[in-house]
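> Below is the structure, and that's it, no one-letter string:
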Ligand code: GAP
């Protein structure tokens with residue numbers, strides 16, 4: 001069946017809300033509510049067979065873009081549980097707080113900064129307790145110790161960044177790096193969020209892709225923030241995120257984190273149906289020399305006292321050209337894997353409805369991100385030669401790209417199933433294939449079909465799964 005026969009003049013509809021994505025994600029094996037067999041666990045999600053591929057593809061795209069394709073960034077993978085002193089000196093123990101208030105009428109508990117018009121979101125009352133701080137680092141205990149042994153207390157990291165700062169000197173000296181250079185890390189972080197929610201947007205366990213870019217104290221820091229904002233806007237475009245659905249938020253001074261002199265948030269339109277549709281996708285912060293200084297044994301305060309009497313290292317840098325020692329400043333682009341995945345899914349989602357009101361979902365994922373790159377579909381599943389050829393093609397493609405074989409329905413149904421999960425190419429093997437050693441390659445977005453020789457198939461597909469554009473190094 002051709003495109004126009006089924007659809008006439010199709011109307012493309014983007015995802016109207018997050019719920020549409022939640023339903024697709026569960027139906028098609030991207031994301032499942034966690035611990036469902038025990039009634040679930042609030043705001044925890046498990047990534048299914050397609051979801052884990054999508055997350056991996058996002059993380060790989062990010063890593064390739066920064067660590068492989070640039071010349072100035074190294075990667076690392078630090079521990080999730082670090083010495084508690086890291087969190088003492090980073091300021092997280094004292095300041096990583098949400099401000100809580102309780103509604104005296106319904107006893108609901110909320111984040112004070114999320115209350116609109118002073119009204120309780122549950123019951124509408126305006127009778128609040130005093131706001132009090134609540135530290136959102138998740139705690140654990142190390143070793144076989146008594147419950148009340150304070151020396152065993154440890155935290156699950158609330159950001160990956162600190163693991164980078166405490167390894168600054170290790171990376172710089174072993175890789176013989178000169179400024180400016182960056183260190184990238186991707187991994188899980190944990191926050192005991194007071195009000196998690198909105199699917200994978202805000203959870204207590206999530207993944208971050210953070211990069212700390214170390215520069216001289218005399219660099220043009222604000223311009224570097226702008227530079228990284230631009231770089232990320234371009235990168236999101238390569239993932240298929242529409243520029244119109246992104247916005248920039250210059251964080252006002254009174255909202256800046258204790259380490260930041262300037263932060264710009266890249267916002268995504270996660271709530272197209274709401275009056276306030278934007279929520280943070282990532283942030284780009286000028287963290288000054290705060291982190292390297294605070295973890296260093298030699299850094300002194302204004303009165304000449306050591307800022308950190310517990311540190312055994314000095315994380316300063318000696319600039320050979322200027323013959324100067326200093327603590328580098330940091331520009332930090334910090335993105336969330338899960339929020340990126342959600343933005344990618346929302347922008348890839350499209351519904352096509354024909355004149356008869358028939359609707360199909362097509363997930364227009366960027367081919368690099370698609371969980372499955374090619375589906376091999378035999379046109380006659382009762383013909384052993386055709387089935388054998390289709391399975392052999394699947395096996396031959398598998399080492400270079402993720403391919404699946406499917407014969408569990410008619411061809412129209414199989415196409416629709418692959419469109420809905422974003423598979424860029426469907427490859428049909430038919431009677432003619434046995435004669436001419438060629439197959440039909442169908443494009444997900446245009447539904448155009450072309451005949452390709454089996455011997456040229458892998459190269460043909462790889463060419464169309466183009467790599468990401470390479471950003472220029474500074
Ligand atoms: N190191 C700086 C830092 O962690 P952040 O703005 O708190 O900055 C960076 O976090 C990114 O991590 C956010 O923009 C968001 O994408 C993601 N993120 C933070 N908290 C999250 C949560 N509870 N659930 C999902 N993603 C989260």
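Now that the structure is in, tell me what you want to look at. None of these values were measured; they are calculated from a predicted model.
> Can you give me the neighbour number for whichever residue of the chain sits closest to the ligand?
The minimum distance from the chain to the ligand, using C-beta to the nearest ligand atom, falls at residue 336 (2.4 Å). (C-beta placed from N, C-alpha, C; glycine too.) A count of neighbours around residue 336, defined by other C-beta atoms under 10 Å, yields 23.
> Quick check, it in contact with residue 281.
Yes. Using C-beta atoms under 8 Å as the test, residue 336 is close enough to residue 281 to be in contact (7.2 Å).
> And the next helix or strand past the helix or strand hosting residue 232?
According to DSSP states H and E, residue 232 maps onto helix 221-238. Using DSSP H and E, the helix or strand that follows helix 221-238 in sequence is strand 246-250.
> list the residues that contact both of residue 336 and residue 281?
Overlap of the contact sets of residue 336 and residue 281 (by C-beta atoms under 8 Å, 6 or more residues apart in numbering) is empty.
> Can you tell me the SS state at residue 369?
Secondary structure, DSSP: H, G, I helix; E, B strand; the rest coil: residue 369 is coil.
> I figured it was touching residue 56, is that so?
No. With contact defined as C-beta under 8 Å, residue 369 does not reach residue 56; the gap is 9.7 Å.
> ok, now which ones touch the residue of the chain closest to the ligand?
206-209, 281-282.
> Could you list which of these also contact the ligand?
206, 208, 281-282 (C-beta under 6 Å from any ligand atom).
> From the residues you listed, which land in strands?
Residues of these located in strands (DSSP state E): 206, 208, 281-282.
> roughly how far out does stretch 171-181 sit from the chain middle?
27 Å (C-alpha atoms, centre = their mean, to the nearest Å).
> do the same with stretch 446-458
32 Å.
> Can you report phi and psi for the residue positioned nearest the centre of the chain?
For the chain, the residue sitting closest to the mean C-alpha position, by C-alpha atoms, centre = their mean, is residue 337 at 1.5 Å. Phi and psi for residue 337, reported as degrees, to the nearest 10, are phi -60, psi -50.
> So it sits against residue 208, correct?
Yes. With contact defined as C-beta under 8 Å, residue 337 reaches residue 208; the gap is 6.8 Å.
> Next one: the nearest residue to residue 307 once chain neighbours are set aside, what pLDDT does it get?
Distances taken as C-beta to C-beta, 6 or more residues apart in numbering place residue 299 nearest to residue 307, at 4.8 Å, with adjacent residues excluded. The per-residue pLDDT reported for residue 299 equals 94.
> My understanding was that residue 299 contacts residue 309; is that so?
No. In this structure, residue 299 is not within contact of residue 309 by C-beta under 8 Å, at 10.9 Å.
> Please say which of the two ends up with more neighbours.
Neighbour count, other C-beta under 10 Å: between residue 299 and residue 309, residue 299 has more, with 18 against 7.
> For the nearest residue in space to residue 434 that is not next to it in sequence, what is the enclosing helix or strand?
Leaving aside its chain neighbours, residue 434 sits nearest to residue 385 (5.6 Å; criterion: C-beta to C-beta, 6+ apart). Residue 385 is located in helix 384-397, with elements delineated by DSSP H and E.
> State the paired neighbours of the next helix or strand after that helix in the sheet, together with their directions.
Using DSSP H and E, the helix or strand that directly follows helix 384-397 along the chain is strand 403-405. Applying DSSP bridges, strand 403-405 is found paired with strand 374-378 (parallel).
> Next, the angle from the partner strand to helix 384-397.
170 degrees (axes from the mean of the first three to the mean of the last three C-alpha atoms, to 10 degrees).
> So which bits of strand 374-378 are buried?
Going by neighbour count (16 or more other C-beta atoms under 10 Å), the buried part of strand 374-378 is 374-378.
> Out of the residues you listed, the closest to residue 107 would be?
Nearest to residue 107 among these is residue 375, at 52.1 Å by C-beta to C-beta.
> ranges for the helices of the stretch 51-200 of the chain?
84-89, 92-95, 161-165, 168-174 (DSSP state H, counting those that start in this stretch).
> likewise the stretch 251-400 of the chain?
Counting by DSSP H, counting those that start in this stretch, the stretch 251-400 of the chain has helices at residues 290-294, 337-348, 384-397.
> so can I have TSV of those helices showing mean pLDDT?
TSV is the format used below for the helices of the stretch 251-400 of the chain (pLDDT from 0 to 100):
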stretch	mean pLDDT
helix 290-294	97
helix 337-348	97
helix 384-397	96
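> Quick check: residues of the stretch 301-450 of the chain near the ligand?
332, 334-336, 338-339.
> okay, among the residues you listed, which ones form the most distant pair?
Going by C-beta to C-beta, the pair spanning these furthest: 332 and 338, at 18.6 Å.
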